[in-house]
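K.L.:
return atomic coordinates for the entry below.
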Amino acid sequence: MSIPSLIENYVSYLKNITFKNKISELLINACEDETGEFLNLILIKIKPSQQNKGYGDAVIDSLLTFADKHNVRIKIHLLNSHGDKRRLIEFYSKHNFVLIKNNEMTYFPKKIKEYVTN
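P.N.:
You can find the predicted model right below:
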């Protein structure tokens, strides 16, 4: 099964089973650039009644597990409309995303990290 199909099914699973009634929006697309496939994380929105309970962290951790399993990067473009940029950078940095450009962060899966460091 291709990464686009896999991520579509996985997002549905997260929204409808794992985090049912917790996530109001989860938008992520499979894309490709000159270095290969990656996931473009557009938006994670936790329902207001469920915020500050660790669900944002749990959703990210689930996505990172997917990325590691399928050896695919995750990119995020930080937009002012998604909240305070400094807070977003802090949040994603604690999940091992790296600030690549002023408004872009990337998570490199474990297989890629191992290759780069060996």
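K.L.:
which ones are touching residue 72?
P.N.:
Neighbour list for residue 72: 3, 30, 36-39, 66, 109 [criterion: CB atoms under 8 Å, 6 or more residues apart in numbering]. C-beta here means a position set from N, CA and C on the backbone, and glycine is covered the same way.
K.L.:
that one and residue 1: what is the separation?
P.N.:
To residue 1, residue 72 is 13 Å away according to CB to CB, to the nearest Å.
K.L.:
and the longest helix along the chain, what's buried?
P.N.:
The longest helix of the chain (DSSP state H) is helix 55-70. Residues 55-56, 58-60, 62-64, 66-68, 70 are the ones in helix 55-70 that count as buried (16 or more other CB atoms under 10 Å).
K.L.:
how about residue 90, phi and psi?
P.N.:
In terms of degrees, to the nearest 10, the main-chain angles of residue 90 are phi -60, psi -50.
K.L.:
with the one 4 residues further on instead?
P.N.:
Here is the backbone geometry of residue 94 (degrees, to the nearest 10): phi -70, psi -10.
K.L.:
for it, give its distance to residue 87.
P.N.:
According to CB to CB, residue 94 and residue 87 sit 11 Å apart.
K.L.:
likewise residue 61?
P.N.:
The value you get for residue 61 to residue 87, if CB to CB is used, is 18 Å.
K.L.:
same deal with residue 37?
P.N.:
With distances taken as CB to CB, residue 37 is found 29 Å from residue 87.
K.L.:
neighbour count: those two, which is higher?
P.N.:
residue 37 (16 against 10; other CB atoms under 10 Å).
K.L.:
tell me where the protein has helices.
P.N.:
Counting by DSSP H, one finds helices in the chain at the ranges 3-13, 55-70, 85-93, 110-117.
K.L.:
can you list the weak-confidence ranges in this structure?
P.N.:
Residue ranges of the chain with pLDDT under 70: 80-83, 112-118.
K.L.:
thanks a lot, catch you later.
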